[in-house]
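>>> Provided below are the primary sequence and the corresponding predicted coordinates.
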Amino acid sequence: MQKVFFTGIAILLSMCALAQKQEPWDHIGTEDVVSRDSITQQGYTLIFISKVPDFSQEVKERMIRTFFRVYPVQAMQYNPATRKKVFFVIDPAYKGVAATSGGIVRYSPVWLAQHPGDIDVVTHEVMHIVQAYPPGSGPGWVTEGIADYVRYKLGVDNAGAGWSLPAFSPGQRYTDAYRVTARFLEWIEQRVHKGMVKELDAAMRSRSYEDALWKKLTGKSVDELWEDYAAAPALSGGMEAAQDKRQPGNKHGE
């Protein structure tokens, strides 16, 4: 009996330790916060929290400027009811690039130190806050494609990050998400149906998205649209693809 008792205690302690390590996403904590700043402009508040002592002040200031430049525009264009308060957390425990849940964006200080020019990671991530799609709203490739489309349209310095929409290649599919889907969406906006992205976004947020929506809005299914795109993928505006400096497989938001 005593052995069973101590075994039970050991299991309980292990579960408690695991629970402490797996804090919920919205747990920011105060014990390891190095700095916390609150900035309010244009009716929006950004809480900037750093958990590293040597985070670049220049990058921090650029992130703040980018937020207040793009977030109000995203809100106006896509979702005026979006959150008024947003949290940025520079979190060494986060091992991706950046990711968003609710009103919190976690950024990897390692990524930002290695890629200080990738300031429009902010543009992509805060678009996820504006999107505010409920669970089961639709496919993830639409979510990420729209976020990168908005980065393409509203980014403050995509060129500085070596970031652009990629040239079309036969191995791509619209379900690839991110920049591949974003370029497809831009082609639809230019060639087929202006306003398509906003209508997709609204459908995702209202949980009314369905595959038939593509045909309803454009007269063709998404597969038929992709066939047309593959046959003539050129975009207007002289857009050239640039090398993407991000590492494959990194998660942005995702």
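Structure's in. What do you need?
>>> When you work out contacts or count neighbours from here on, use the C-alpha atoms and nothing else.
Will do.
>>> Pull out the buried positions in stretch 166-183.
Burial within stretch 166-183, assessed by neighbour count using 16 or more other CA atoms under 10 Å, is assigned to 166, 167, 168, 174, 177, 178, 179, 180, 181, 182, 183.
>>> Could you list the low-pLDDT ranges of the stretch 1-150 of the chain?
Along the stretch 1-150 of the chain, the model assigns pLDDT under 70 to residues 1-23, 25.
>>> how about the strands in it?
35-41, 44-50, 85-90, 98-101, 104-107 (DSSP state E, counting those that start in this stretch).
>>> Can you tell me which of those is most buried?
Among the strands of the stretch 1-150 of the chain, ranked by average contacts under mean count of other CA atoms under 10 Å, first place goes to strand 104-107 (a mean of 25).
>>> Filter the buried residues of stretch 166-183 down to the ones in helices?
In this view, those that belong to helices under DSSP state H are 178, 179, 180, 181, 182, 183.
>>> Dump those residues into a markdown table; add distance to residue 208 and pLDDT as well.
As requested, these are exported to a markdown table (distance: CA to CA, whole Å; pLDDT from 0 to 100):
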| residue | distance to residue 208 | pLDDT |
| --- | --- | --- |
| 178 | 22 | 98 |
| 179 | 24 | 98 |
| 180 | 24 | 98 |
| 181 | 20 | 98 |
| 182 | 21 | 98 |
| 183 | 23 | 98 |
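>>> coming back round to it: for residue 61, find the nearest of the strands of the stretch 1-150 of the chain.
Across those, residue 61 has its closest neighbour in strand 44-50 (10.1 Å, CA to CA).
>>> Adjacent strands (with direction) for that closest one?
strand 35-41 (antiparallel), strand 85-90 (parallel) (DSSP bridges).
>>> and residue 28, which of the ones you listed is closest to it?
With respect to residue 28, and counting by CA to CA, the nearest of the strands paired with strand 44-50 is strand 85-90 at 7.9 Å.
>>> ok, and what's touching the closest one?
28, 44-52, 103-109 (CA atoms under 8 Å, 6 or more residues apart in numbering).
>>> could you redo the strands of the stretch 1-150 of the chain as CSV and give each row distance to residue 224?
Below are the strands of the stretch 1-150 of the chain laid out as CSV (distance: least, CA to CA, whole Å):
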stretch, distance to residue 224
strand 35-41, 44
strand 44-50, 41
strand 85-90, 39
strand 98-101, 32
strand 104-107, 36
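>>> For residue 60, which of those strands is the nearest?
strand 44-50 (8.5 Å).
>>> what does that closest one rub up against?
33-40, 64, 68, 72, 84-91.
>>> And the residue lying closest to residue 102 once chain neighbours are set aside, how far from residue 44?
Excluding the flanking residues, the one nearest residue 102 by CA to CA, 6 or more residues apart in numbering is residue 129, at 6.4 Å. From residue 129 over to residue 44 the distance is 13 Å, taken as CA to CA, to the nearest Å.
>>> Equivalent analysis for residue 140, please.
27 Å.
>>> cool, and residue 123?
Where residue 44 is concerned, residue 123 sits at a distance of 15 Å (CA to CA).
>>> is the closest residue to residue 36 other than its chain neighbours in a bridge, and if so with what?
Nearest residue to residue 36 in three dimensions, chain neighbours excluded: residue 49, at 4.5 Å (CA to CA, 6+ apart). Counting by DSSP bridges, residue 49 forms beta bridges with residue 36, residue 89.
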